[in-house]
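A.B. asks: attaching a predicted model along with its sequence, questions to come.
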Amino acid sequence: MLRVFISHAGIDKPVIEPLVRAMVLSKGITLFVDNPGDERWSFTPKETEEFEREGLLDTIREGYPYDDELKRGLRNCDVILLCLSKNVSKLKDIIISEISRAADEGWLVPVVVDNVERDKIPQNLGLFRAQYAQSRRLKTDTVLSAVQNKQAGRGLN
């Protein structure tokens, strides 16, 4: 199963939630998200438990240091889905280094989720390959296709 790390600004959870839900329900992807119990996601505790049991959702475990859990999620992922927005301003150094490595190695899928200005996005992220979507109207099939293309290109079937 393809393992996808979702990198996003916490405030953008409601915007990217339809995409996250569609990816989980696609059943071919294990998605790493920070906290499915956060009220900004619409996952119910029952759904979260079911998705985790089925291996469709991986999360930050309770009682573990947050940064260590981020490192675990990044280390175990096949693809990083980077949700770019005006709200993504202060990424943790660990995420910046992993995103740079992912961009260099070709396993980063950038998704623009609002009208963030091009000059605010680091050049090495492959903006020309970014999948564009209007805020609150993410085109989940396009993003899923981009993620699956990364999977095929890396021989991760």
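C.D. replies: Right, received. Where do you want to start?
A.B. asks: and the pLDDT at the residue in the chain sticking out farthest from the centre?
C.D. replies: In the chain, the residue that sits farthest from the middle, by Cα atoms, centre = their mean, is residue 63; the gap is 22.6 Å. As predicted, residue 63 sits at a pLDDT of 89.
A.B. asks: just residue 54 next, same as before
C.D. replies: At residue 54, pLDDT is 92.
A.B. asks: could I get the phi/psi values of it?
C.D. replies: Torsion angles at residue 54 (phi, psi; degrees, to the nearest 10) stand at phi -80, psi 0.
A.B. asks: check the gap between it and residue 29 for me.
C.D. replies: Residue 54 sits 11 Å away from residue 29, going by Cβ to Cβ, to the nearest Å. In this view, the C-beta of every residue, glycine as well, is placed from N, C-alpha and C.
A.B. asks: and these two? Which one has more around it.
C.D. replies: residue 29 (23 against 12; other Cβ atoms under 10 Å).
A.B. asks: which residues touch the more buried one?
C.D. replies: Residues in contact with residue 29 (Cβ atoms under 8 Å, 6 or more residues apart in numbering) are 1, 2, 3, 4, 23, 56, 147.
A.B. asks: what is the least confident helix or strand in this structure?
C.D. replies: strand 131-132 (a mean of 44; mean pLDDT, DSSP states H and E).
A.B. asks: and for residue 60, the neighbour number?
C.D. replies: Here the number of neighbours of residue 60 (other Cβ under 10 Å) works out to 19.
A.B. asks: all numbers from here: first residue = 12
C.D. replies: Right, with 12 as the first residue, what we last looked at is residue 71.
A.B. asks: what about the closest residue to it other than its chain neighbours, which SS state?
C.D. replies: In space, and not counting its chain neighbours, residue 71 is closest to residue 80: 4.0 Å by Cβ to Cβ, 6 or more residues apart in numbering. The three-state label given to residue 80 by DSSP: H, G, I helix; E, B strand; the rest coil is helix.
A.B. asks: verify the stated contact: residue 80 with residue 72.
C.D. replies: Yes: judged on Cβ atoms under 8 Å, residue 80 makes contact with residue 72 at a distance of 6.1 Å.
A.B. asks: between the two, who's got more neighbours?
C.D. replies: A direct count of neighbours by other Cβ under 10 Å for residue 80 and residue 72 places residue 80 higher, at 19 against 9.
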